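Trainee: predicted model, plus sequence, below.
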Amino acid sequence: MAQDERYGTRDLTYSAWHRHLSTQRFIGIEKAQLLAMIDIDVAVFVEYDEETKQPLALVETARDVGQSYKCATITRNLAIKAGIEAFVLLYKPSVKANPADANWPDIDSFRIKRIAPTYSEDWIIKTPQQWAECLITVRSRGSAALDKLIRTQQEATA
């Protein structure tokens with residue numbers, strides 16, 4: 001059964017927040033430039049390695065309207081098949097504009113739940129500063145796993 005578009009337009013608030021001109025406020029420009037991300041249907045974001053273009057994590061996003069649940073079964077299944085982490089991330093828009101892109105609101109807070117490879121029942125609340133720092137950690141774990149996979153493949157073909 002096809003699903004109708006709920007709001008008629010795509011909310012690019014998280015996309016604007018994630019750009020390096022925005023996240024540099026929290027983690028500095030050098031680390032912010034490491035946060036390469038591409039959106040899939042503006043609901044699932046893929047954190048990836050800029051050099052190899054390999055996926056490091058999936059993040060399914062939605063505006064936080066107080067919901068207790070966000071369906072992300074497909075995102076979870078994709079992450080498990082890919083062997084990467086996945087999260088559901090709900091964001092609460094600010095009344096202030098994003099200073100890096102005034103077309104979209106800034107973000108006041110996030111509610112996050114890890115859904116792969118393990119599933120967490122509880123939402124964790126993070127500030128934008130804390131989520132930007134978490135993204136660096138997630139990328140470090142994903143990059144380390146990618147490095148290990150590449151070394152294993154190289155050893156197998158040597």
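Mentor: Here it is on my side, so go on.
Trainee: and the helix or strand encompassing Glu47, what other elements does it pack with?
Mentor: When elements are assigned from DSSP states H and E, Glu47 belongs to strand 44-48. Contact partners of strand 44-48 among helices and strands, from 3 or more Cβ pairs under 8 Å, 6 or more residues apart in numbering; DSSP states H and E: helix 13-18, strand 37-40, strand 55-63, helix 128-157. Where you see a C-beta, it was placed from the backbone N, CA and C, and this is true even at glycine.
Trainee: 7 Å instead?
Mentor: Using 3 or more Cβ pairs under 7 Å, 6 or more residues apart in numbering; DSSP states H and E as the contact criterion, the neighbours of strand 44-48 among helices and strands are strand 37-40, strand 55-63, helix 128-157.
Trainee: distance check, the residue lying closest to Ile80 once chain neighbours are set aside against Asp101.
Mentor: With sequence-adjacent residues excluded and distances taken as Cβ to Cβ, 6 or more residues apart in numbering, Ile80 is closest to Ala116, at 5.2 Å. Using Cβ to Cβ, to the nearest Å, one gets 30 Å for the distance from Ala116 to Asp101.
Trainee: how about Leu146?
Mentor: Here Leu146 is placed at a distance of 30 Å from Asp101 (Cβ to Cβ).
Trainee: now do the buried residues in stretch 101-108.
Mentor: Applying a neighbour-count criterion of 16 or more other Cβ atoms under 10 Å, one finds 101, 104-107 buried in stretch 101-108.
Trainee: run through who's touching it.
Mentor: Outside stretch 101-108, the residues that touch it by Cβ atoms under 7 Å, 6 or more residues apart in numbering are 12-13, 16-17, 19, 22, 91-94, 96-99, 128.
Trainee: picking up where we left off before, the residue nearest to Ile80 touches Ala86, doesn't it?
Mentor: Yes - at 3.9 Å, Ala116 counts as touching Ala86 under the criterion of Cβ atoms under 7 Å.
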